[in-house]
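1. need coordinates for the below:
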Amino acid sequence: MKWTLPFVILLMLSGPAGAAEWRMDAAESAVTFAIVIEGTPTEGGFPEFSAEIDFDPARLDQSKAVIVFDLTHIEAFYSDVAENLKKESWFDVKRFPEARFVSQRFRHLGGRKFQVTGDLTIRDVTRRETLDFTLTRYDEQQAEILGRMTISRLTYGVGQAAWRSVSMVAEQVDLTVKISARRQ
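-> The predicted model follows:
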């Protein structure tokens, strides 16, 4: 698994010369989701993902990112939710084992806030989405980013047949990306 996102974010602060080496702290990093099922907020996550990011705040037009989520590994508070999400009516992981986010444009929003807009592909459906992220911690030993994105599951065909109804499962899904890195 390749984890370059924390290192790239730290490059934003240190500039291109003299950048330090950083290692992602897997125990403190996660991609999670939140959705309402039958009126109850439910959370889960994608424990296996990779990120390849080339980011330079001085050349945002040349920055790029590709994040790949392994959908065959899903965790949820309720184990039946995790197993059902893998089925044909939901992510259909036999046909579509991964989701992919490919950046198209980075923007600096001021201070430690940034935005990346890109193409998110789930179940062979690609749509333009935006991830807002903040550098929440930075010192000589540790850095951390926190990002958020809200998507419509129905736009991607997640929830087929009777599961298209939003009466049981909400349409909106909130995704959170948290990555922590330590200086080597």
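2. burial check on Arg127, number of neighbours?
-> For Arg127, the neighbour count with other Cβ atoms under 10 Å is 12. For every residue, glycine as well, the C-beta is placed using N, CA and C.
3. er, Ala161 I mean
-> Residues near Ala161, counting by other Cβ under 10 Å, number 8.
4. not counting its neighbours along the chain, what's nearest it?
-> Once flanking residues are discounted, Ala161 sits nearest to Ser89: 6.1 Å by Cβ to Cβ, 6 or more residues apart in numbering.
5. contacting residues around that neighbour?
-> With contact set as Cβ atoms under 8 Å, 6 or more residues apart in numbering, Ser89 has these partners: Gly159, Gln160, Ala161, Trp163.
6. contact partners for Leu154?
-> Contacts for Leu154 (Cβ under 8 Å, 6+ apart) come out as Arg164, Val166, Glu171.
7. now swap in Ala76 and tell me
-> Thr42, Glu43, Gly44, Gly45, Ala82, Leu85.
8. same check on Ser103?
-> So Ser103 contacts Ile53, Ser63, Lys64, Ala65, Val66, Val116, Thr117, Gly118 (Cβ under 8 Å, 6+ apart).
9. what do you get for Val177?
-> Contacts for Val177 (Cβ under 8 Å, 6+ apart) come out as Ala30, Val31, Leu131, Phe133, Ile145, Leu146, Gly147, Arg148, Met149.
10. can I get the contacts of Ala76 in a markdown table with distance to Gln141?
-> Formatted as a markdown table, the contacts of Ala76 follow (distance: Cβ to Cβ, whole Å):
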| residue | distance to Gln141 |
| --- | --- |
| Thr42 | 35 |
| Glu43 | 29 |
| Gly44 | 31 |
| Gly45 | 26 |
| Ala82 | 35 |
| Leu85 | 37 |
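11. narrow those residues to those in strands?
-> Members of the contacts of Ala76 lying in strands (criterion: DSSP state E): Thr42, Glu43, Gly44, Gly45.
12. any idea what the third one is bridged to?
-> Listed beta-bridge partners, Gly44: Phe33, Ala76 (assigned using DSSP bridges).
13. okay, now it: neighbour count?
-> For Gly44, using other Cβ under 10 Å, the count is 17.
14. now swap in the one 4 residues further on and tell me
-> Residues contacting Glu48 under the criterion other Cβ under 10 Å number 16.
15. mind listing what the residue nearest to it when sequence neighbours are not counted touches?
-> Distances taken as Cβ to Cβ, 6+ apart place Asp70 nearest to Glu48, at 4.0 Å, with adjacent residues excluded. Shown in contact with Asp70 (Cβ under 8 Å, 6+ apart): Phe46, Glu48, Phe49, Pro97, Glu98.
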